[in-house]
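Asker: predicted model follows, preceded by the sequence.
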Amino acid sequence: MKSVSSQVTQNRNGNGNGNGNGHRKPKSKDIVSDVAQSEPKDGGKLIVLTAPLTEAIDHAGYFIQMAMASLPIWMEGVINKKYPKWRDLEKNEDSSARYMPAGVRLVETSLLREYKQDDIVACFPEDLHKFVGPRTRVVAVSTHNPLGVTFAAGVYTSIFGSSRMPINSHYSRELFASIKASHYRDNFKVIVGGSGGWQITQTNTFEELGVDCVVEGRSESVDTLELFRKAIRGEELPRQIDVKHPLDREGILFPDSRTTFGVVEMTTGCGRRCKFCVPDLNPQIDLPKDKIMGAVRANVRDGNKQISLATEDMFIWGQVHTDTPFYFPNREALVDLYSDIVNTPGVEQHVLSHSTIAPAVVDPTLIKQLSELLLPKSPIHFPYLSSHPEKKALAPLIGLETGSVRMAKQIMPSKGVPFHIDDWPSIVLEGLRVLNENNWFPAMTLIVGNPGETDEDGMATLDLIYEMERRGLFAFLIPSIFTPLHDTRMEKAKGVTQTKQLTPLQWQLMMKCWKMNLRPGQYSWWGPTAWRLGSIGMGLYKLRRLNGPNFTWPLWMFSGAISEKNLYRMGKIYMGKPLKVKTRKELIATLRASDWQFLRGDNGDLPEGYTPPSEPGQIFLPEVQEPLAQHA
Ligand code: B12
Ligand code: SF4
């Protein structure tokens with residue numbers, strides 16, 4: 001991108017706002033007709049890259065995009081009211097986008113290995129007509145969640161019924177419609193990639209959306225390059241193609257340009273092997289610090305004040321393919337990396353993405369050190385929860401998924417390593433205690449309606465949630481209905497497919513989670529608003545009709561109109577029973593002796609017989625060596 005002075009634009013319909021608050025909502029046909037009618041002066045670009053508006057915006061932080069992935073389009077006014085400027089975009093002088101999702105930037109960087117900068121542009125959907133012309137041979141779309149059929153997105157829109165389409169999906173469809181309507185459509189191919197491309201393949205919406213090819217995999221692959229060559233030659237493309245993931249650090253590219261939310265890749269893959277997980281199918285790679293820092297600096301140079309490292313588990317970074325198992329975090333490496341990031345001049349905000357919970361039990365000192373570094377630059381404030389002087393907090397996304405050990409053994413037997421999955425509820429509660437003590441209040445996902453889930457499993461999860469409440473622990477709980485994701489080890493598994501199929505216990509779990517989320521006041525503005533608007537606007541009767549009779553009592557419980565104790569006495573809900581929970585010391589005592597050498601003495605709670613190293617680098621080596629496989 002030839003960088004030039006930027007301009008902030010509002011949407012072409014005037015004030016930059018949509019419906020609600022008296023603002024006019026831009027009509028889809030505006031963008032569609034622009035692309036169809038106008039012609040770029042220079043014949044357009046050979047390759048035009050874009051992403052749906054709702055995935056490209058770099059406004060108001062992660063939560064707005066997550067909300068737009070979950071709320072139905074008829075609730076867009078809630079977003080407009082909360083974020084009246086969400087449609088304001090920053091552009092370069094040539095109208096190319098000043099920022100784009102990291103996926104688009106990676107495609108751009110990958111193509112620059114073969115094509116000239118002048119042949120490629122990355123632009124927002126509303127500017128496509130300025131770049132798609134007779135010269136254009138490829139319009140490439142990167143998308144995260146185009147149809148809203150992934151977990152935690154479809155579920156909320158389906159609960160609210162009638163207009164099921166999430167806001168993000170509405171805007172994705174609008175983008176595809178505008179490309180389809182182009183005068184030059186016969187001259188170019190539409191290639192789609194990104195983590196949500198599979199949704200088009202699975203729903204077979206190629207024709208409807210006007211998509212020629214969906215690429216599954218990374219843009220760095222030579223197969224992706226070959227696909228673009230074919231498209232440029234005007235040859236037929238396969239409907240769907242799987243391209244290979246680079247196997248080592250050197251194969252992963254880094255963009256020298258600004259990304260939405262300052263997303264910079266930190267790792268690929270994970271290693272814990274949960275059976276429902278897509279990213280874990282990628283090789284476990286931690287990316288080189290110098291390249292990460294280069295991308296951080298590029299973001300700052302191009303006007304970004306926020307950085308977020310994209311990862312499945314931040315705690316594996318620095319410990320991939322070392323002599324220490326990846327689930328014993330490399331404290332020094334992590335502190336050094338995050339310290340350099342937040343201390344980079346120009347980085348004013350830093351947001352965590354994903355992590356796992358066991359590392360908080362393994363190394364509480366690491367959590368403490370990271371908190372000291374990261375809290376001052378966190379844009380997240382939890383006035384009712386945080387003990388930080390400015391009430392700042394950290395909120396990574398962590399998978400809890402289930403409180404049932406039986407279910408956990410089936411779907412995620414290694415989620416808690418180095419601890420045994422038998423102790424999963426204790427790992428969650430102890431981990432959360434350590435996190436909360438350090439002002440980390442994670443968003444935790446739960447899967448409801450797993451294949452083979454019984455009432456006992458539901459009760460076990462409720463036991464864990466009630467135990468959290470009893471202990472005053474806080475996480476923002478995001479229950480979602482099991483979605484079999486493509487290529488995963490549970491791809492063919494069938495769970496609950498409609499909200500009507502949810503049992504009373506499954507509904508209770510969903511409602512209890514949302515009720516718990518309201519505890520410290522408005523942690524999330526959109527969740528409670530959504531529920532309140534949903535229940536008040538549509539009425540209890542309609543929601544009950546949509547979601548079935550099993551929904552009724554849990555909704556009463558959520559509303560608080562009848563106390564949980566009374567509902568329990570009436571036999572309408574289950575009250576979680578107290579759990580016997582292992583302390584950190586007891587959890588550490590369950591570790592295999594061969595793992596002791598990786599423990600850090602300054603965390604305390606050491607097992608009987610452990611001698612902490614007297615000097616750095618000198619470690620205690622136990623005699624017993626047991627194979628790691630016992631956890632799998
Ligand atoms: C950062 C992030 C977010 C951020 C920011 C997203 C943004 N707009 O930039 C936030 C928090 C907003 C977010 C929200 C959501 N996210 Co998210 N997110 C991520 C995360 C951690 C990193 C994404 C990223 O930028 N990666 C780095 C880039 C380079 O990777 P990439 O986009 O995949 O691009 C590569 C390839 O896909 C390919 N590619 C990409 N585009 C194209 C285009 C073409 C044409 C080609 C050929 C190739 C290609 O090449 C790139 C590499 O070279 C991923 C996990 C992960 N590690 O990927 C989850 C992830 C993508 N998110 C996920 C989900 C479920 C969501 C939500 C639905 C959650 C929710 N309920 O709210 C929402 C949806 C948001 C929306 N707008 O619809 C899932 C997707 C599951 C799926 N396959 O459907 C993931 C995989 C997390 C997970 N563990 O399951 N997310
Ligand atoms: S811990 Fe998370 S990222 Fe890792 S395999 Fe499990 S679900 Fe996937």
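Answerer: Happy to help now that I have it. Ligands and ions are numbered 1, 2, ... in the order given.

Asker: near ligand 2, which residues of this structure are found?
Answerer: 270, 272-274, 277, 279-280, 312-313, 356, 399, 412, 415 (C-beta under 6 Å from any ligand atom). C-betas here are computed from N, CA, C, even on glycine.

Asker: kindly recompute the last result at 8 Å.
Answerer: Taking C-beta under 8 Å from any ligand atom as the contact definition, the chain meets ligand 2 at 270-274, 276-280, 312-313, 354, 356, 399, 401, 412, 414-415.

Asker: these in strands, which ones?
Answerer: Among the residues of the chain next to ligand 2, the residues falling in strands (DSSP state E) are 354, 399, 401.

Asker: follow-up on the earlier one: ligand 1 next: which of the residues of the chain next to ligand 2 are close?
Answerer: Okay, of those touching ligand 1 (C-beta under 8 Å from any ligand atom), that's 277-279, 312, 354, 399.

Asker: distance to Lys582 for those - can I get that in TSV?
Answerer: Below are these laid out as TSV (distance: C-beta to C-beta, whole Å):
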residue	distance to Lys582
Cys277	26
Val278	31
Pro279	29
Glu312	26
His354	25
Gly399	20
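
Asker: so which bits of the stretch 1-150 of the chain are right by ligand 1?
Answerer: Residues of the stretch 1-150 of the chain lying near ligand 1 (C-beta under 8 Å from any ligand atom): 49, 51-52, 54-56, 62-70, 101-107, 109-110, 140-145, 148, 150.

Asker: min pLDDT across the ones next to ligand 1 among the residues of the chain next to ligand 2, which one?
Answerer: Taking these together, the minimum pLDDT is found at Val278 (82).

Asker: you'd agree Ile121 is in a helix?
Answerer: Check again: residue 121 is Val, not Ile. No - read with DSSP: H, G, I helix; E, B strand; the rest coil, Val121 is strand and lies in no helix.

Asker: in three-state terms, label Val48 for me.
Answerer: Under three-state DSSP, the three-state class of Val48 is strand.

Asker: hang on, it packs against Val132?
Answerer: Yes - judged on C-beta atoms under 8 Å, Val48 makes contact with Val132 at a distance of 5.5 Å.

Asker: so what sits against both of the two?
Answerer: Listed as contacting both Val48 and Val132 by C-beta atoms under 8 Å, 6 or more residues apart in numbering are Val139.

Asker: what about this protein, any weak spots by pLDDT?
Answerer: When residues are selected by pLDDT under 70, those of the chain lie in 1-38, 150-164, 483-501, 519-562, 612-632.

Asker: surely Ile200 touches Val192?
Answerer: Yes - applying C-beta under 8 Å, one finds Ile200 in contact with Val192, separated by 6.1 Å.

Asker: what sits in contact with each of the two?
Answerer: 146, 211, 214.

Asker: CSV for those, including neighbour count and secondary structure?
Answerer: Output for the shared contacts of Ile200 and Val192, formatted as CSV (neighbours: other C-beta atoms under 10 Å; DSSP: H, G, I helix; E, B strand; the rest coil):
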residue, neighbour count, secondary structure
Pro146, 31, coil
Val211, 24, coil
Val214, 28, strand
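
Asker: who's in contact with the residue lying closest to Lys577 once chain neighbours are set aside?
Answerer: Closest residue to Lys577 apart from its sequence neighbours, by C-beta to C-beta, 6 or more residues apart in numbering: Asp463 at 5.6 Å. Taking C-beta under 8 Å, 6+ apart, we find Asp463 in contact with 403, 425, 576-579.
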